[in-house]
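**Student:** sequence first, predicted coordinates after that:
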Amino acid sequence: MKYILASLKSDFFNLLQFIKKPDDIQIQLSDKQKCLLIFNLLLVEIIFLILFVAPADYFVRKCISVKTSDAFKNLGLSEMIFLAVIAAPAIEELVFRYALRYNRLFSKYISRNNWNKIFPYMVYISCVIFGFIHLDNYIHDSWMFYVLSPLIILSQLSGGLLLSYIRVRLNIFYSIIYHALWNGLFGIVLPFVMLLFNNPYIDKSRNYDLKIDEQAFFNSDQPTSLKIDHINNTIYRIEARQLQLQDLADHIYGKDQLITDEALINISFTSKKGISEEEFRNILKKKYEIEQKNRVKTD
């Protein structure tokens, strides 16, 4: 245990030193030491996520409504594994960090001494570009989105620095592996684990019955369906399978009138007397964050 804690402390301070002044120096480690380094850096990034990224995200969402791009909707497990764990790590590491090592090709155009001078700027610029490219993950129409953009992509900015450190100290293969591990952990494993402890949401009253089941990924073997008994702004029945909560809100209240939490749901709702659209929204707000779309939040 003491050895693990000592290595964690050492790796953390070595990472900080690199962030302060990036240098193009590769280190020689055994396979066991490389695995321990990857593990330690995962811990460091998770701690950073909890202490800084999560509060920054909370602050941003208190200021503006942030909606994830429709490109990430209704992905199946196999599609998510391919895109998040295989394709994205390989492509992004090759594009943004492959060039962060001095090699024979570069030696034909620039001396090692001049390379060392510009290398820190190359690392910082690649991380900034890497971060801001990920703004495309969101749908936005507010000037405040751009003001708060460094906070929105804080995870990518910090992750870019950490991946640069791995690429330089080890090699491009290990930065791809780390990138894949991170995406797999938070894009696949965590959603599954969270839903294991998430029982169906049931809400009953004298006037209505509601049951909502969430699922982590879209199942292409099962159809998407939506049936609504909806007359004169009064809702009597809703039956939906594999439907995004945002799509349900768009269908009832109009396209992009509301901003909802991201959730792929199966919903069963019945009301003999019927309830108003406003009442139904308030019922959903017991479980989900649902807001009127606006430019900038003022409260």
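**Tutor:** Happy to help now that I have it.

**Student:** where do the helices sit along the stretch 51-200 of the chain?
**Tutor:** Counting by DSSP state H, counting those that start in this stretch, one finds helices in the stretch 51-200 of the chain at the ranges 54-63, 77-80, 88-96, 104-107, 112-133, 143-147, 149-152, 154-169, 172-184, 190-196.

**Student:** same for the first one, what does it pack against?
**Tutor:** Under the contact definition 3 or more CB pairs under 8 Å, 6 or more residues apart in numbering; DSSP states H and E, helix 54-63 sits against helix 149-152. For the C-beta atoms, the positions are set from N, CA and C on the backbone; glycine is no exception.

**Student:** same for the helix it packs on, what does it pack against?
**Tutor:** helix 54-63.

**Student:** tell me the most buried of the helices of the stretch 51-200 of the chain?
**Tutor:** helix 154-169 (a mean of 22; mean count of other CB atoms under 10 Å).

**Student:** where in the stretch 151-299 of the chain is pLDDT low?
**Tutor:** By pLDDT under 70, the low-scoring segments of the stretch 151-299 of the chain are 294-299.

**Student:** can you get me the start-to-end distance on stretch 181-200?
**Tutor:** One end of stretch 181-200 to the other measures 29 Å (CA to CA, to the nearest Å).

**Student:** what's in contact with the top strand by length along the chain?
**Tutor:** For the chain, the longest strand by residue count, based on DSSP state E, is strand 264-276. The contact list for strand 264-276, computed with CB atoms under 8 Å, 6 or more residues apart in numbering, reads 74, 207-218, 231, 233-245, 248, 280, 283.

**Student:** what are the contacting residues of the helix or strand following it?
**Tutor:** From strand 264-276 onward toward the C-terminus, using DSSP states H and E, the following helix or strand is helix 277-284. Helix 277-284 has contacts (CB under 8 Å, 6+ apart) with 203, 208, 210, 233-235, 245, 249, 252-253, 258, 260, 269, 275, 290.

**Student:** what residues does the helix or strand that helix 277-284 is followed by touch?
**Tutor:** Sequence order places strand 290-292 as the next helix or strand after helix 277-284, per DSSP H and E. Around strand 290-292, the neighbours that count as contacts under CB under 8 Å, 6+ apart are S65, A249, Q257, L258, I259, T260, D261, R281, L284, K297.

**Student:** find the residue closest to L170 in space, skipping its chain neighbours.
**Tutor:** K34 (6.1 Å; CB to CB, 6 or more residues apart in numbering).

**Student:** that neighbour touches I177, doesn't it?
**Tutor:** No: the pair K34 / I177 is not scored as a contact, 9.5 Å apart, by CB atoms under 8 Å.
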